[in-house]
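**Student:** next one to model:
(one chain, ligands or ions: 1)
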Amino acid sequence: MELTNIETILNDALIHSSKYIDDGNVATYIPELAKADKNLLGASIVTIEGKRYHVGDWHQEFTIQSISKTISLIFALHNLGPEIVFNKVGMEPSGDPFNSIIKLETKKYPSNPYINAGAIAVAGLISERYSFEDYLKLVRLFCGRNSIEVDENVYMSESKTGMLNRSLAYMMNSSGVLEADVEKTLDFYFKMCSVKVNSNDLANYAAILANDGLDLKSGDRLIDNSILKIVKSLMLTCGMYDGSGEFAIRVGMPAKSGVGGGILAFAENKLGICVFGPALDSQGNSIGGYHMLEYLSKELGLHYF
Ligand code: DON
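**Tutor:** Now for the predicted structure:
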């Protein structure tokens, strides 16, 4: 793939998007996240040939948060299969905020695996049968870094204050959606959200998604084709929550955001991107990151249509 001027365009994207930081705010409902510096902004691009480009605060570590929901879904689909997973969770965008409880009463099953309720249901399936270490190994493999660990402060903070997530879990437990031990499930969920990464780590994972699930160096298949179809399609339709439709029009890449400030996106057969900026818009997506992705999509011709 010939993509010229990536370095220049990435630098321009940073300058262009830093203007929007003032309009956003760091997440405060997880007290530890409220300590983040809202002015941080950075990004990494990894091409499928393995070339790396970085800008701004790309080296800064942040918690992966909801971006982890794509990896736990891959883990569950690989180890348990789609029948077991989609017996508990749907495949449709919810149109509601990521932490909404409302549809659990009317529809019982969470709309998709990327909203909190859906990811907790998937975490229940995994934590019944596998250890957190088993899951963490997959995160490390996709990110290409063995030193990846949980941020204990964020994990403790989420665990202490995550009462809405507890409500979602107990509601699903009472309706029979979540059959696993509720506190053990939540512990797994809070830990998976609290894994510490930088934008290079997630751009590496994004590049594997762009590269048909193949390892960038060895070419070994890391993710089955049938699983990729599910995970990527859901990123397209549900990855940015109730902002997924507008994001698809403006940016046009499958993506997944997290309240730690990361957004992972990729252009099929070209490259993976991770942008990072803790100032969030009203839907919980990085505001500077969103503008960077829009800029990069336009200037590098990455929109899928
Ligand atoms: O459960 C939560 O609310 C967080 N651990 C994850 C939410 C999240 O990242 C939503 N993303 N934009």
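
**Student:** from the chain's centre, how far out does the helix or strand hosting Ala265 sit?
**Tutor:** Element membership for Ala265 (DSSP states H and E) is strand 262-267. Put simply, strand 262-267 sits 8 Å off its chain's centre (C-alpha atoms, centre = their mean, to the nearest Å).

**Student:** buried stuff in whichever helix or strand Leu186 is part of?
**Tutor:** Assigned by DSSP H and E, Leu186 belongs to helix 182-193. Applying a neighbour-count criterion of 16 or more other C-beta atoms under 10 Å, one finds Val182, Thr185, Leu186, Asp187, Phe188, Tyr189, Phe190, Lys191, Met192, Cys193 buried in helix 182-193. The way it works is simple: take the backbone N, C-alpha and C, and place the C-beta from them, glycine included.

**Student:** likewise for stretch 249-263?
**Tutor:** 251-263.

**Student:** check stretch 52-65 too.
**Tutor:** So, applying 16+ other C-beta under 10 Å, buried residues of stretch 52-65: Tyr53, His54, Val55, Gly56, Asp57, Trp58, Gln60, Glu61, Phe62, Thr63, Ile64, Gln65.

**Student:** picking up where we left off before, and the buried residues of helix 182-193, which is closest to the ligand?
**Tutor:** Cys193 (3.5 Å; C-beta to the nearest ligand atom).

**Student:** ok now do the closest one, which residues does it touch?
**Tutor:** Counting by C-beta atoms under 8 Å, 6 or more residues apart in numbering, Cys193 touches Thr63, Ile64, Gln65, Ser66, Ser68, Val154, Glu158, Gly258.

**Student:** out of these, which touch the ligand?
**Tutor:** Of the entries in the contacts of Cys193, the ones placed beside the ligand under the rule of C-beta under 6 Å from any ligand atom are Gln65, Ser66, Glu158, Gly258.

**Student:** among those residues, name the ones in helices.
**Tutor:** Glu158 (DSSP state H).

**Student:** and the ones next to the ligand among the contacts of Cys193, which is closest to Lys232?
**Tutor:** Ser66 (16.0 Å; C-beta to C-beta).

**Student:** quick one, phi/psi of the nearest residue to that closest one once chain neighbours are set aside?
**Tutor:** Spatial nearest neighbour of Ser66, excluding adjacent residues (C-beta to C-beta, 6 or more residues apart in numbering): Gly258 at 4.4 Å. Main-chain torsions, Gly258, degrees, to the nearest 10: phi -140, psi 150.

**Student:** phi, psi of Gly272?
**Tutor:** Dihedral angles for Gly272 - degrees, to the nearest 10 - are phi -110, psi 150.

**Student:** how many neighbours does it have?
**Tutor:** Neighbourhood size, Gly272 [other C-beta atoms under 10 Å]: 25.

**Student:** thank you kindly, that will do.
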